[in-house]
Every structure is written in structure tokens, then in C-alpha cells.
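**Student:** Pasting a predicted model and its sequence here:
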Amino acid sequence: MEEQDVLRQRVVGAVTKFQKDQMSVSAESLAVDVHPNSLVVTLQGITCPAEQDYARDKEARELLERFHEALFGATKPVLEGAIGEILERSVQRSKLSVDPESGDGVIMFTFEDKPCPHGAPA
């Protein structure tokens, strides 16, 4: 297996563990795209059918979006640390965007310019 494939599998494992342990959700599928200064994780099926139905109302959708953002914001240091260790890069920032109506989401990580020394997150 190529090094990039190994890294992607490790990222999938870290995101899956984070979702389960910190956010109490499990994606139906995940896709990982590694770029020079960023990482994008696409999540499919992370909201339940009741949330998707509830999100048809504009105010309810906005409430669910804020809920997911706040939950991620409170717990993201755990995931940023794991991603930093896997990619040997310091995560500068991360953001989760969820579309509650479709049930899909994206986590975007932006890295510092330089890799971390000895693989430790800064």
C-alpha cells in the first residue's frame, strides 16, 4: 500500500473514532483528500433521518447547523491533535460544515506552513 493510502486510512480511523467518542455519530462513508497545506474529509450520512426531516424548516436547519458547529468547536482539539500526529503537521485551524437536510458534512483542516518537528503537534 502506498504511503498516501496508509495516511488516508489512518485519518479515516482517527475521524471515525472522534465522531463516535466525541460527537456520538457515525458516518456512512468518509473520503479523505490530502493537499499540500490542507486536508478535507467528506462525510456522508452523519445526521439521522429525524434531523434531516426537521432540517426542512429553515429555522430548524440553522439551529442544527449551529449545534453541530458548537459541538465540533468544543471537541475539535482532540481531532486536531490526532490529525497533527498522523500527518506530522501542526493544525492551524479546522472547521466542520454540516448540511443537516442532506445528512452530509465536510471537515476542513488547514496546516501551518512547516511540518512539526519529530511528528509532534505544536
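**Tutor:** That came through fine.
**Student:** Nearest spatial neighbour of residue 102, chain-adjacent residues omitted?
**Tutor:** In this structure, residue 102 finds its nearest non-sequential neighbour in residue 52, 7.3 Å apart by Cβ to Cβ, 6 or more residues apart in numbering. Glycine gets a C-beta too; all of them are placed from N, C-alpha and C.
**Student:** Secondary structure class of the one you found, three-state.
**Tutor:** helix (DSSP: H, G, I helix; E, B strand; the rest coil).
**Student:** contacting residues around it?
**Tutor:** If you count contacts by Cβ atoms under 8 Å, 6 or more residues apart in numbering, residue 52 has them with 100, 101, 102, 103.
**Student:** any chance of these in CSV, with distance to residue 38 and neighbour count too?
**Tutor:** Listed next are these as CSV, based on distance: Cβ to Cβ, whole Å; neighbours: other Cβ atoms under 10 Å:
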residue, distance to residue 38, neighbour count
100, 24, 24
101, 26, 18
102, 23, 13
103, 24, 19
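**Student:** So, low pLDDT: which residues of this protein?
**Tutor:** Scanning the chain for pLDDT under 70 picks out 1, 114-122.
**Student:** Check it for its longest helix and report it.
**Tutor:** Using DSSP state H, we find that the single longest helix of the chain is helix 58-87.
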